[in-house]
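Participant: I'd like to go over a predicted model; first the sequence, then the structure.
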Amino acid sequence: MAGKKLQIALYWGSACGGCDVAVLDTDEFILEVAALADIRLWPIAADGKYADVEAMADGELDLTLFNGAVRNSENEHIAKLLRRKSKLLVAFGSCAHMGGIPGLANQVTREEIFERAYLNNPSIEAGNVTIPSPRTRVNGRELVIPQLYRRVYKLDDVVPVDYYVPGCPPAPDQVKTVIQAIAAGALPQKGSVVGASERAVCDDCARIKKEKKVKRFFRPWEIRQDPELCLLEQGILCAGSVTRSGCGVRCPNSGMPCRGCYGPGPNVRDQGAKLLSAVASIVDSRDPEEIDRILDGIPDFMNYAYRFGLPASLLQRRFR
Amino acid sequence: MGFEPRIVGFLCNWCSYTGADLAGTSRVPYAPSIRVIRVMCSARVDPTFVLRCLSEGADGVLVCGCHPGDCHYSEGNYKALRRMALLKRLVRDFGIEEERVRLEWVSASEGKRFADVVDDMTRKIRELGPSKVRAALAADRAER
């Protein structure tokens, strides 16, 4: 790639914008990116239209960093378009990697979402209900809006993905490392998780770990925390043992438990199942009734276990 | 009858598998719904195994271990007990009836009890009907 500037695109599917902010969070490095690369599409920060991408030759882009999940037909359409135009497609951030926070919507139906958003929302004024329709005629032209899918998908459910950069959002120094590695052509085997570690968050966490046995679980605000001791040992649900490191252990270092945004460690198929094992194993009881009482202290295990990856889990969604 | 449940059974090597073996050698009849996988201990059953069974369309998953106090590894069945308690909650949150996942203690001498457990679980799952998982995941794939 010597001499020629990298041709790159950044895109967001179903996302909050945090991943784009993480790219900007690289501070002055973003200027190096501009020197290193032509940004051909970046809806949140630069100009560039879908039509410009459509006009490109296949493979004309060296790299697309795709953040966000696939929630509707537009997300899928653009994912396929960018896949065709890009030599490398990177699932960037938890949503593209595993479905992310939007993936939690796989617990409700499309109809429930529609009713909540357009019919039963407390912020809707009486008599002022607007219902979007897939096709509308305006000034003699037909407008079509994308179709909301029945559930949320991760990026590699709809297109082949070359690399995964985990995180909600990816840590800025990791963003930098990944972009530099791509510019240097120093990339690992396709399909790898890059910009992260092969270890678990616990391995990198400096908190003291002793015997894990708890009689009660606490939400973080329910307990005066020992700042030195492992959070799980204090009864605070923490996903550090089942989560890939590389984030810099930023949450446990700030007194908040790991929520698992970097996804499962190497060779783990289902992050929630592993967290379940870890959490159940520290319950200090042999009595079924007491075990149930202790587990009642975890108000919503499913949403903790799959906070960033329900679509990537074995079961993927709620069934009815 | 029509629907014949498919149940995956994880049986511990020391008690429950021997118990199931006894049911066979004693010619105790029971429902042909179970596919048995022998594991060294009920604590070997990673929740991933159970979720994978359900995701591949199993109508039920039965985990059997030694009675409390009898574990060959002293504590394994208690670990399984704690894990299955939380797993049942998770399975319920996935919208899957928790009766589809079951933990039972079966000793090496309880051939009849093993047969009764399988019959009872088969009857309950027959009442629930087939698992919805595979059909729902296939419908999801078909929308795109």
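Facilitator: Looks like it arrived, so ask away.
Participant: Pull the number of nearby residues for residue 92.
Facilitator: Answering for chain A, as no chain was given. Close neighbours of residue A:92, defined as other C-beta atoms under 10 Å in any protein chain shown, add up to 33. C-beta coordinates here come from the backbone N, C-alpha and C atoms, glycine included.
Participant: Actually, chain B is the one I wanted.
Facilitator: 15.
Participant: Where do the helices of the chain begin and end?
Facilitator: I went with chain A, as the question did not name one. Counting by DSSP state H, chain A forms helices over residues A:18-24, A:29-36, A:50-54, A:73-85, A:94-98, A:110-114, A:172-184, A:201-204, A:250-253, A:271-281, A:288-295, A:301-305, given from the N-terminal end onward.
Participant: oops, chain B please
Facilitator: Along chain B, the segments classed as helices by DSSP H run B:16-25, B:47-55, B:76-93, B:111-128, B:133-142.
Participant: Grab the nearest non-local neighbour of residue A:156.
Facilitator: Here the nearest residue to residue A:156 in space, its sequence neighbours aside, is residue A:91; by C-beta to C-beta, 6 or more residues apart in numbering or on different chains that works out to 6.5 Å.
Participant: Name all residues that make contact with residue B:47.
Facilitator: With contact taken as C-beta atoms under 8 Å, 6 or more residues apart in numbering or on different chains, residue B:47 is in contact with A:270, A:273-274, A:276-277, B:83, B:87, B:90.
Participant: Work out which residue lies at the spatial centre of chain A.
Facilitator: Nearest to the centroid of the C-alpha atoms of chain A, with distances taken as C-alpha atoms, centre = their mean, sits residue A:94, at 1.6 Å.
Participant: could you list every residue that touches it?
Facilitator: For residue A:94, the set of contacting residues under the criterion of C-beta under 8 Å, 6+ apart consists of A:100-101, A:166-169, A:261-263, A:308-309.
Participant: circling back: among the helices of chain B, which comes closest to residue A:128?
Facilitator: Closest approach to residue A:128 among the helices of chain B is made by helix B:133-142 (34.1 Å; C-beta to C-beta).
Participant: Between helix B:47-55 and that closest one, find me the angle.
Facilitator: 70 degrees (axes from the mean of the first three to the mean of the last three C-alpha atoms, to 10 degrees).
Participant: any idea of the pLDDT on the residue nearest to the centre of chain A?
Facilitator: Model confidence at residue A:94, given as pLDDT, is 98.
Participant: Chain B contacts on the stretch 1-150 of chain A?
Facilitator: By C-beta under 8 Å from any C-beta of the partner chain, the residues of the stretch 1-150 of chain A that approach chain B are A:76, A:107, A:149-150.
Participant: Keep only those of those residues that are in strands.
Facilitator: In strands, judged by DSSP state E, the following of these are found: A:149-150.
Participant: quick one: which of the residues of the stretch 1-150 of chain A next to chain B is nearest to residue A:234?
Facilitator: Proximity of these to residue A:234 was ranked by C-beta to C-beta; the top entry is residue A:107 with 28.9 Å.
Participant: what's the closest residue in space to the closest one that isn't next to it in sequence in contact with, if anything?
Facilitator: The shortest distance from residue A:107 to any residue other than its chain neighbours is 4.3 Å, reached at residue A:318 (C-beta to C-beta, 6+ apart). Under the criterion of C-beta under 8 Å, 6+ apart, the contact partners of residue A:318 comprise A:106-108, B:93-95.
Participant: low-confidence ranges in chain A?
Facilitator: A:1-3 (pLDDT under 70).
Participant: Do a quick rundown of the strands in it.
Facilitator: Counting by DSSP E, the segments of chain A that form strands are A:6-12, A:37-41, A:61-67, A:70-72, A:86-92, A:135-138, A:141-144, A:148-153, A:163-165.
Participant: Relative to residue A:112, which of the ones you listed is closest?
Facilitator: strand A:148-153 (11.2 Å).
Participant: Check which helices and strands that closest one sits against.
Facilitator: Using 3 or more C-beta pairs under 8 Å, 6 or more residues apart in numbering or on different chains; DSSP states H and E as the contact test, the elements touching strand A:148-153 are strand A:70-72, helix A:73-85, helix A:110-114, helix B:133-142.
Participant: From chain B, how far off is residue A:34?
Facilitator: The spacing between residue A:34 and chain B, counted by C-beta to the nearest C-beta, to the nearest Å, is 36 Å.
Participant: For the lowest-mean-pLDDT helix or strand in chain B, name the packing helices and strands.
Facilitator: None of the helices or strands of chain B scores lower by mean pLDDT, DSSP states H and E than helix B:133-142, at a mean of 92. Other elements packing on helix B:133-142 under the criterion 3+ C-beta pairs under 8 Å, 6+ apart are strand A:148-153, helix B:47-55.
Participant: deepest of the helices and strands packed on strand A:148-153, which one?
Facilitator: Here the criterion is mean neighbour count by mean count of other C-beta atoms under 10 Å in any protein chain shown, and of these the winner is strand A:70-72, at a mean of 23.
Participant: now it, how far from the centre of its chain.
Facilitator: For strand A:70-72, the gap between its own C-alpha mean and the chain's C-alpha mean amounts to 14 Å (C-alpha atoms, centre = their mean, to the nearest Å).
Participant: That one packs against which elements?
Facilitator: Under the contact definition 3+ C-beta pairs under 8 Å, 6+ apart, strand A:70-72 sits against strand A:148-153.
Participant: Would you give the sheet partners of the strand it packs on, along with the direction of each?
Facilitator: In its sheet, strand A:148-153 lies beside strand A:70-72 (antiparallel), with partners assigned from DSSP bridges.
Participant: any weak-confidence spans in chain B?
Facilitator: Along chain B, segments meeting pLDDT under 70 span B:1.
Participant: could you redo the last one with a cut-off of 80?
Facilitator: Chain B contains residues with pLDDT under 80 at B:1, B:144.
Participant: Near chain A, which residues of it are found?
Facilitator: Within chain B, the positions adjacent to chain A are B:46-48, B:50-52, B:54-55, B:68, B:78-79, B:81-83, B:85-87, B:89-90, B:93-96, B:132-133, B:136-137, B:139-140, B:143-144 by C-beta under 8 Å from any C-beta.
Participant: Just the buried residues out of those, in ChimeraX syntax.
Facilitator: The following ChimeraX command selects only the buried members of these, with burial defined by 16 or more other C-beta atoms under 10 Å in any protein chain shown:
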select /B:46,47,48,50,51,52,54,55,78,79,81,82,83,85,86,87,89,90,93,94,96,132,133,136,137,140
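Participant: Would you format the helices and strands packed on strand A:148-153 as a markdown table with distance to residue A:56 included?
Facilitator: As requested, the helices and strands packed on strand A:148-153 are arranged in a markdown table below (distance: least, C-beta to C-beta, whole Å):
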| stretch | distance to residue A:56 |
| --- | --- |
| strand A:70-72 | 21 |
| helix A:73-85 | 5 |
| helix A:110-114 | 33 |
| helix B:133-142 | 30 |
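Participant: Out of the ones you listed, the one nearest residue B:120 is which?
Facilitator: Distances from residue B:120 to each of the helices and strands packed on strand A:148-153 were compared by C-beta to C-beta, and the smallest falls on helix B:133-142, at 22.3 Å.
Participant: So what touches the closest one?
Facilitator: Contacts with helix B:133-142, where a contact means C-beta under 8 Å, 6+ apart, come from A:150-151, A:315-317, A:319, B:54-57, B:96.
Participant: Many thanks, we can stop here.
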